[in-house]
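Colleague: return a 3D structure for these sequence lines:
(chains A and B)
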Protein chains: 2
Amino acid sequence: MTLLTDIPAYMARVGNAARAASTVMAASSTRARNEALTTLARLLRAEAPQLAADNTRDLDAARAAGLAGPMVDRLKLTPQVIETVAEGCEQIAAMPDPIGEITGVKRRPSGIAVGQMRVPLGVFGMIYESRPNVTIEAASLAIKSGNAAILRGGSEAIHSNLALWRLVQRALAQAGLPPEAVQLIETTDRAAVGRLIAMPESVDVIIPRGGKSLIERISAEAKVPVIKHLDGNCHVYVDAEVDLDLAVTVTDNAKTQKYSPCNAAESLLVHERQAAPFLARIGAVFAAKGVEMRADDQAAAILRDVPGAKVVPATEADWSEEYLAPVISVKIVANLDEAIAHVNRYGSHHTDAILTTNHPHAMRFLREVDSASVMVNASTRFADGFEYGLGAEIGISTDKFHARGPVGLEGLTSMKWVVLGNGEVRG
Amino acid sequence: MTLLTDIPAYMARVGNAARAASTVMAASSTRARNEALTTLARLLRAEAPQLAADNTRDLDAARAAGLAGPMVDRLKLTPQVIETVAEGCEQIAAMPDPIGEITGVKRRPSGIAVGQMRVPLGVFGMIYESRPNVTIEAASLAIKSGNAAILRGGSEAIHSNLALWRLVQRALAQAGLPPEAVQLIETTDRAAVGRLIAMPESVDVIIPRGGKSLIERISAEAKVPVIKHLDGNCHVYVDAEVDLDLAVTVTDNAKTQKYSPCNAAESLLVHERQAAPFLARIGAVFAAKGVEMRADDQAAAILRDVPGAKVVPATEADWSEEYLAPVISVKIVANLDEAIAHVNRYGSHHTDAILTTNHPHAMRFLREVDSASVMVNASTRFADGFEYGLGAEIGISTDKFHARGPVGLEGLTSMKWVVLGNGEVRG
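Modeller: I've put the predicted structure just below:
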């Protein structure tokens, strides 16, 4: 690692290089960018042994520092992880080029034709933790979308990230693209992050991936836009008219298929008409899987009759909680209005689903629930860039501005206006 | 005007009311919102005499305070101004409803169908100066787009704005919509602006209209996204291959049709091959109209031969200047690359045009010039929401994030994901 003492000067140099490279990337050919991606895939496979050696330095340091087993596991660049990121590069190479697309060209009464062209945003900064494969994911999305990127990975993965980044630079150079299109911050000094998020002249958007406190801190201090993902307090609402089998299957999947993802359900709302039959069935499922139910009085009265059910009285705080664990809050509602109002008040505007056979109710829920993803009769676990067909996911946004929900390549672009004339002037 | 002493409490009340109203507006029918707009048009015409009386209070105060004539003129609610804003309301009512549109629904391998639905952003804050008709423009855009708005007009127009706002509230109530969907800040205390831009819980985006220093201050201090319009240093580049008649006509229009708009040309780049013939002709036009030319050495040598031409040596600062006056900077470039590099370096990323008959050059300029509007063979003066067919314009953005260039109703919306299933779960 380079010895870096003057962080402001170093970051200014990185920022200037990124800005210069972004201009070249924006004008680069589809073929060159795709070639960089397929070359990167090839290099990743060819250099797997060296990557493993560099990775070992991080793993040894992590174990020496007493990191917990799961944390060490997340650092590992196993042959399988390397194959997966290599395949990811090839998949992104095979996707259509988002850049240069011109849409909606219409001729105006003045004679000019007006449309919009998709262009790269410019430079994005990505701040992430532990898993080194994010280095390749972010680099490949930058290359495909014609942006430049400045990456800041976790300090515990620094040797792995540097090794991966060297391959990215080789791939860019071999494709005739500027190696500075993807830069990794070579110091683990935290001051570098403070600079990265405060260089509007060099960075157009920051994408943090990590815990809520990290993201809140970055959002509060950033001088550029942030595509941020805060918590996912996702709801499933079981309506008065519903297929009970479907409701049990989907609710079970939304809560228990995995507990840790942000799109797992954390709160269950049930219309009072279905409370008795539905809670008896889902209560038994949750009891069998050891899912604790934080229930309001009405729901608790029903759930306590379910053998083996772990029922705890819900407090006001439970309605806002993202458990990421085998815990779910349960509330009975009198009608659709109450369900929508509850979701909009306590939810995190991430992903919420209605389970219903009533079409007007489905349409009202879709329209009125103010969340990035709203679903009818499907598991909240589908809120994901790959499941949505984006082909790649740079992150999930809980904001409304610019990009909302799963963010793919398009989230790294903007639309500029193009005007095609024949000498028209304004009168 | 209400006596207001506790600004934080007042603004919190305004913000809460706006947030509550935004939920109702988002769920309101197209018919109700259009009815509010046509009612507003009717009220504006019916109450024109009373509006004139309230307007007189502002005009008298302005004259008493010694405001310059043009400033007083901008405050005037003449019958013609009132008719224009009333017609604007009717035009917006006649536009398609942007809200609820669902696009790109595709079925995925999992069985779910995924698309996007256009929904209101929520609450926008609008900060503007002198002209009271902006009150109606902003209110009508808020109503049509299903948003709530908090308006902060100039203190010199407070009585006119209050009178107009009362009509907006009557129109909303008559259409069965919440009057709090459009609120005007009833105090001229500047502390209210400081609160307005720092209430992310109540305001989703701020749209300032006014001088550059106002907008820079708001952008620096805002805790919510800002759709901001900074300066317009617009370029016209006359390429090596060009129709000289067209180039003279378009360049003349871009510079002289009006000097004050942000989309007027401020800088002229000319390929060296066309320098002699083109500058002789445009120099004569500018000489006749009294337009001063700040020219580099090469251009000055040609322009000084034009009878009556006002030629001044350009300094480095001239390349970045937004004159908004009968002044233009003129530079000779060796090729298209130099032209594009100059525009990207010195321009303000607002609007730039190439005049050329060479197709590859036109395409490269469109793609590589990093501006909100890029044009071929058309006057920069076309960069305008109405000219682009947006039907209405809330502002012009010089940002890349979210909305770029002229911002219409769509800039006040976001796209959320909708998922339609039949009980699908994730495996």
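
Colleague: so which residues on the stretch 51-200 of chain A come close to chain B?
Modeller: A:Gly100, A:Lys106, A:Arg108, A:Ser110, A:Ile112, A:Val114, A:Met117, A:Val119, A:Leu121, A:Gly122 (CB under 8 Å from any CB of the partner chain). Every C-beta, even on glycine, is put in place using the N, C-alpha and C of the backbone.

Colleague: try it again with 7 Å
Modeller: Within reach of chain B by CB under 7 Å from any CB of the partner chain, the stretch 51-200 of chain A has these residues: A:Gly100, A:Lys106, A:Arg108, A:Ser110, A:Ile112, A:Val114, A:Met117, A:Leu121, A:Gly122.

Colleague: which one of those residues has the most neighbours?
Modeller: A:Val114 (25 neighbours; other CB atoms under 10 Å in any protein chain shown).

Colleague: gap between it and B:Ala171?
Modeller: Noted for A:Val114: a distance of 32 Å to B:Ala171, by CB to CB, to the nearest Å.

Colleague: same thing with A:Val291?
Modeller: The spacing between A:Val291 and B:Ala171, counted by CB to CB, is 51 Å.

Colleague: quick one, which of the two is more surrounded?
Modeller: Between A:Val291 and B:Ala171, B:Ala171 has the larger neighbour count (other CB under 10 Å), namely 26 against 21.

Colleague: which residues touch that one?
Modeller: The neighbours of B:Ala171, taking CB atoms under 7 Å, 6 or more residues apart in numbering or on different chains as the test, are B:Ala36, B:Thr39, B:Leu40, B:Leu43.

Colleague: and the gap between the residue lying closest to A:His350 once chain neighbours are set aside and A:Gly405?
Modeller: Distances taken as CB to CB, 6 or more residues apart in numbering or on different chains place A:Gly232 nearest to A:His350, at 4.0 Å, with adjacent residues excluded. Distance, A:Gly232 to A:Gly405, using CB to CB: 11 Å.

Colleague: and the strands in the stretch 51-200 of chain A?
Modeller: Taking DSSP state E, counting those that start in this stretch to define them, one finds strands in the stretch 51-200 of chain A at A:102-107, A:113-120, A:123-127, A:148-152, A:182-184.

Colleague: avg pLDDT for the second one?
Modeller: Think strand A:113-120. Across strand A:113-120, pLDDT averages out at 97.

Colleague: now do the last one
Modeller: Mean pLDDT, strand A:182-184: 98.

Colleague: packing partners for that strand?
Modeller: Using 3 or more CB pairs under 7 Å, 6 or more residues apart in numbering or on different chains; DSSP states H and E, the elements in contact with strand A:182-184 are helix A:7-27, helix A:133-144, strand A:148-152, helix A:158-174.

Colleague: that strand pairs with which strands?
Modeller: Partners of strand A:182-184 in the sheet, by DSSP bridges, are strand A:148-152 (parallel).

Colleague: put the alpha carbons of the strand it pairs with into CSV.
Modeller: This file holds the C-alpha atoms of strand A:148-152, laid out as CSV (Å, rounded to 0.1, in the frame of the first residue of the first chain):
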residue,chain,number,x,y,z
ALA,A,148,-16.0,6.6,-13.4
ALA,A,149,-16.0,5.3,-9.8
ILE,A,150,-14.0,5.9,-6.7
LEU,A,151,-14.3,2.9,-4.4
ARG,A,152,-13.8,2.8,-0.7
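
Colleague: what mean pLDDT would you report for it?
Modeller: 98.

Colleague: so A:Val134 touches A:Tyr128, yeah?
Modeller: Yes: in terms of CB atoms under 7 Å, A:Val134 counts as a neighbour of A:Tyr128; the distance is 4.7 Å.

Colleague: find residues that contact each of those two.
Modeller: With CB under 7 Å, 6+ apart as the test, A:Val134 and A:Tyr128 both reach A:Gly153, A:Arg209.

Colleague: contacts for whichever helix or strand A:Ile328 is part of?
Modeller: In this structure, A:Ile328 sits in strand A:327-333 according to DSSP states H and E. Strand A:327-333 is contacted from outside by A:255, A:265-272, A:275, A:291-296, A:298-299, A:314, A:318-319, A:321, A:339, A:342, using CB under 7 Å, 6+ apart.

Colleague: from the contacts of B:Ala171, which two are the most distant?
Modeller: Farthest-apart pair in the contacts of B:Ala171 is B:Ala36 and B:Leu43; separation 10.3 Å (CB to CB).

Colleague: which one's more surrounded, those two?
Modeller: Using other CB under 10 Å, the more surrounded residue of B:Ala36 and B:Leu43 is B:Ala36, with 29 against 20.

Colleague: tell me how far the nearest residue to the more buried one once chain neighbours are set aside lies from chain A.
Modeller: Nearest residue to B:Ala36, sequence neighbours excluded (CB to CB, 6+ apart): B:Ala175, at 3.8 Å. Counting by CB to the nearest CB, to the nearest Å, the gap from B:Ala175 to chain A is 19 Å.

Colleague: B:Ala175: what's it in contact with?
Modeller: Counting by CB under 7 Å, 6+ apart, B:Ala175 has contacts B:Ala32, B:Glu35, B:Ala36, B:Thr39.

Colleague: highest neighbour count among those residues?
Modeller: Compared across the contacts of B:Ala175, B:Ala36 has the highest neighbour count, 29 neighbours, by other CB under 10 Å.

Colleague: mind giving me the domain ranges of chain A?
Modeller: A:7-227+A:407-419, A:234-382 (automatic domain parsing).

Colleague: and B:Ile92, which of those is closest to it?
Modeller: B:Ile92 lies closest to domain A:7-227+A:407-419 among the domains of chain A, at 18.4 Å (CB to CB).

Colleague: report the distance from the closest one to the chain centre.
Modeller: Put simply, domain A:7-227+A:407-419 sits 14 Å off its chain's centre (CA atoms, centre = their mean, to the nearest Å).

Colleague: what's the pLDDT at the residue nearest to A:Val248 when sequence neighbours are not counted?
Modeller: Closest residue in space to A:Val248, ignoring its immediate chain neighbours: A:Arg281 at 5.0 Å, by CB to CB, 6+ apart. Model confidence at A:Arg281, given as pLDDT, is 98.

Colleague: secondary structure class for A:Arg281?
Modeller: Judged by DSSP: H, G, I helix; E, B strand; the rest coil, the three-state class of A:Arg281 is helix.

Colleague: show me the helices in the stretch 201-350 of chain A, by range?
Modeller: A:212-221, A:244-256, A:272-289, A:297-303, A:336-346 (DSSP state H, counting those that start in this stretch).

Colleague: kindly reformat these as a markdown table containing mean neighbour count.
Modeller: Shown next, in a markdown table, are the helices of the stretch 201-350 of chain A (neighbours: other CB atoms under 10 Å in any protein chain shown):
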| stretch | mean neighbour count |
| --- | --- |
| helix A:212-221 | 14 |
| helix A:244-256 | 22 |
| helix A:272-289 | 18 |
| helix A:297-303 | 18 |
| helix A:336-346 | 19 |
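
Colleague: want to throw the ones you listed into JSON lines with distance to B:Ala26?
Modeller: JSON lines is the format used below for these (distance: least, CB to CB, whole Å):
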{"stretch": "helix A:212-221", "distance to B:Ala26": "24"}
{"stretch": "helix A:244-256", "distance to B:Ala26": "25"}
{"stretch": "helix A:272-289", "distance to B:Ala26": "26"}
{"stretch": "helix A:297-303", "distance to B:Ala26": "29"}
{"stretch": "helix A:336-346", "distance to B:Ala26": "10"}
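
Colleague: what's the closest of those to B:Arg190?
Modeller: The closest of the helices of the stretch 201-350 of chain A to B:Arg190 is helix A:212-221. By CB to CB, the value is 24.1 Å.

Colleague: for chain A, where's the lowest mean pLDDT among helices and strands?
Modeller: The helix or strand of chain A with the poorest confidence is strand A:395-397; it has a mean of 86 (mean pLDDT, DSSP states H and E).
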